[in-house]
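Novice: sequence-free structure coming up:
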């Protein structure tokens, strides 16, 4: 066999692998931005009020931290509490408090009260926030409910949610 044909075939395979890898890299980044347009990089660049864009599903999702650990928040004005999964609670070393019955979209479930030392979303930081540990939530998402949102001022207009510190909420 001609050595040039063999090396040409190798180069063709390598070119296709590079093209496919580039397409995968491009579309995975695009898909991530569609799920969470409010990444930590975007939020840390904002000064003053925090503005969040809706994701492609119409939800407000934002990167932030709980007690310094990076998390992805799903803002939920229908949730009374900030809700973390059992797995995340174990990672954060949260203590389970009193059990309570939660009314969720999937029906009633049991949760456990806890306190979060610090929640930060962009420039907004609140300390000692009430939360619930629940088994019925994804380990990769934290519901940012009214125990946090009632301590900030927020307004929504044209697919943009604006959060600002409240002097009463700190």
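Specialist: Structure received. Here the structure is a predicted model, which means the values were calculated and not measured.
Novice: flag the helix or strand of this protein with the lowest per-element mean pLDDT.
Specialist: helix 40-44 (a mean of 55; mean pLDDT, DSSP states H and E).
Novice: which regions of this protein sit below the pLDDT cut-off?
Specialist: Across the chain, the ranges flagged by pLDDT under 70 are 1-5, 23-35, 37-47, 167-170.
Novice: so what's the residue nearest to the spatial centre of it up against?
Specialist: Residue closest to the average C-alpha location in the chain (Cα atoms, centre = their mean): residue 72, at 1.5 Å. When contacts are counted by Cβ atoms under 8 Å, 6 or more residues apart in numbering, residue 72 touches 36, 61-64, 140-142. The way it works is simple: take the backbone N, C-alpha and C, and place the C-beta from them, glycine included.
Novice: list the beta-bridge partners for it.
Specialist: In this structure, residue 72 bridges to residue 63 when assessed by DSSP bridges.
Novice: and it, how far from residue 21?
Specialist: 26 Å (Cβ to Cβ, to the nearest Å).
Novice: now do residue 91
Specialist: Using Cβ to Cβ, residue 91 is found at 32 Å from residue 21.
Novice: please say which of the two ends up with more neighbours.
Specialist: residue 91 (15 against 10; other Cβ atoms under 10 Å).
Novice: list the contacts for that one?
Specialist: residue 69.
Novice: does it belong to a helix or a strand, and which?
Specialist: helix 86-92 (DSSP states H and E).
Novice: next, please give the residue ranges for the strands of the chain.
Specialist: Secondary structure of the chain (DSSP state E): strands at 50-53, 61-66, 69-75, 82-85, 99-104, 107-121, 124-134, 142-144, 152-157, 160-165.
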